[in-house]
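Colleague: Provided below are the primary sequence and the corresponding predicted coordinates.
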Amino acid sequence: MNLDPVEIKAFVPATDFELSRRFYLALGFEVPWGDDRLAYVRHGHTSFLLQAFDEPAFARQFQMHLLVADVDAWHAHLVSAAIARRFAVVIGRPEDRPWGMRDFELPDPSGVLWRIAQNLSADN
């Protein structure tokens, strides 16, 4: 019997499902499958399920962490794509954190807080 997990996915709440779907597409994710209540969202080898779930208080308490190779490149991409203006969100500035990561905050249109980060090397 093989009990090894293959994958784990979060169900990310979306108070406005279509707006959130467009937001993630604008970030560079793809949606290979979806209907009007659920979408499989992925970028490379990372993925989650976007769920139509109209509970604003829950969405504002929900957090996701995306570990990337180059956080400054991600930040520059979001700024150049005018994500803040297009989706009325505030993109934080990348900062080195005492826990050994450089990251910034990005809320999605429902208020889900994403921390986009990269690991810092031991000599930073």
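Modeller: Happy to help now that I have it.
Colleague: C-alpha from now on. contacts and neighbour counts both.
Modeller: Fine.
Colleague: separation between H65 and R86?
Modeller: Going from H65 to R86 by CA to CA, to the nearest Å gives 22 Å.
Colleague: which non-adjacent residue is nearest M64?
Modeller: Nearest non-adjacent residue to M64, counting by CA to CA, 6 or more residues apart in numbering: W114, 4.8 Å away.
Colleague: partners of that neighbour in the sheet?
Modeller: Applying DSSP bridges to W114 gives these bridge partners: M64, L106.
Colleague: who are the contact partners of it?
Modeller: By CA atoms under 8 Å, 6 or more residues apart in numbering, the residues touching W114 are 63-66, 105-108.
Colleague: tally of neighbours for F104?
Modeller: By the criterion of other CA atoms under 10 Å, F104 has 21 neighbours.
Colleague: that one touches R93, doesn't it?
Modeller: Yes: assessed by CA atoms under 8 Å, F104 is found in contact with R93 at 5.4 Å.
Colleague: overlap of the contact sets of these two?
Modeller: Joint contacts of F104 and R93 (CA under 8 Å, 6+ apart) are H75.
Colleague: could you measure from the nearest residue to L78 once chain neighbours are set aside over to W74?
Modeller: Nearest non-adjacent residue to L78, counting by CA to CA, 6+ apart: L27, 6.7 Å away. L27 sits 9 Å away from W74, going by CA to CA.
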